[in-house]
Structures are given as structure tokens and as C-alpha cells.
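> sequence? don't have it. structure:
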């Protein structure tokens, strides 16, 4: 239950969880996290609509991997609230 809540919160922000249900799994989780951090990229986004309306703006991030590449995974926010002025 708590893992589901944490997964939902991190998914909204573009993050990810590494639940560990057994101390034997810590090494695997650290290895997986380390691999992801070494292969992480940051892409910035600036909307063309600069309205400060305080509304939720949905975004979608897609990648097209090279044919020689393994499967890529994208972790991204679902959107953002624009500032209100």
C-alpha cells in the first residue's frame, strides 16, 4: 500500500521508486539506481504559450531510439502548473 502511494507520487513528478522488500535486494537496487543515474539525460522545456494563468498544462515526452539501441525508458512529469501573476 505505501509503495503504491510512493510510486504514484514519484510518477507524477517524473521520478521513480526502488521498493526493497528484503535486505538481500539492496545490492540489486543500488546497482539499478547507479546504472540509471549514469545514463540519465536532462531535457529542458520552454512553452510557446507564456500565459500566466495558473492552469495545468499537460506535456508528453517521446523518444525515438536509434535502431542499434536497446529499449529506452522515459521518466517525465505529466505536466506543470503555469505561474499566476
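Structure's in. What do you need? Nothing here was measured: the structure is a model prediction, and the numbers come from that model.
> not counting the biggest helix by length in the chain itself, show me its contacts.
For the chain, the helix with the greatest residue count under DSSP state H is helix 26-38. For helix 26-38, the surrounding residues in contact (C-beta atoms under 8 Å, 6 or more residues apart in numbering) are 16, 18, 20. No exception for glycine: its C-beta is placed from N, CA and C like everyone else's.
> what's the first one in contact with, if anything?
When you say that, I think you mean residue 16. With contacts taken as C-beta under 8 Å, 6+ apart, residue 16 has the following neighbours: 10, 36, 75.
> repeat that for 10 Å
By C-beta atoms under 10 Å, 6 or more residues apart in numbering, the residues touching residue 16 are 7, 10, 32-33, 36, 73, 75.
> and those residues as TSV, adding distance to residue 63, pLDDT and neighbour count?
Listed next are those as TSV, based on distance: C-beta to C-beta, whole Å; pLDDT from 0 to 100; neighbours: other C-beta atoms under 10 Å:
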residue	distance to residue 63	pLDDT	neighbour count
7	22	82	14
10	20	82	14
32	20	85	13
33	21	85	12
36	15	80	13
73	9	78	9
75	11	80	13
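> show me which of the residues you listed is closest to residue 57.
Using C-beta to C-beta, residue 75 is the member of those that sits closest to residue 57, with 18.6 Å.
> pretty sure that closest one contacts residue 63?
No. Using C-beta atoms under 10 Å, residue 75 and residue 63 do not qualify as a contacting pair, with a distance of 11.3 Å.
> please enumerate the helices of the protein.
Using DSSP H, the helices assigned to the chain run over residues 2-12, 26-38.
> just give the closest residue to the residue lying farthest from the centre of the chain, not the sequence neighbours.
When distances are taken from the C-alpha mean of the chain, residue 85 lies farthest, 28.0 Å away, according to C-alpha atoms, centre = their mean. On the basis of C-beta to C-beta, 6 or more residues apart in numbering, the spatially nearest residue to residue 85 that is not a chain neighbour turns out to be residue 52, at 4.2 Å.
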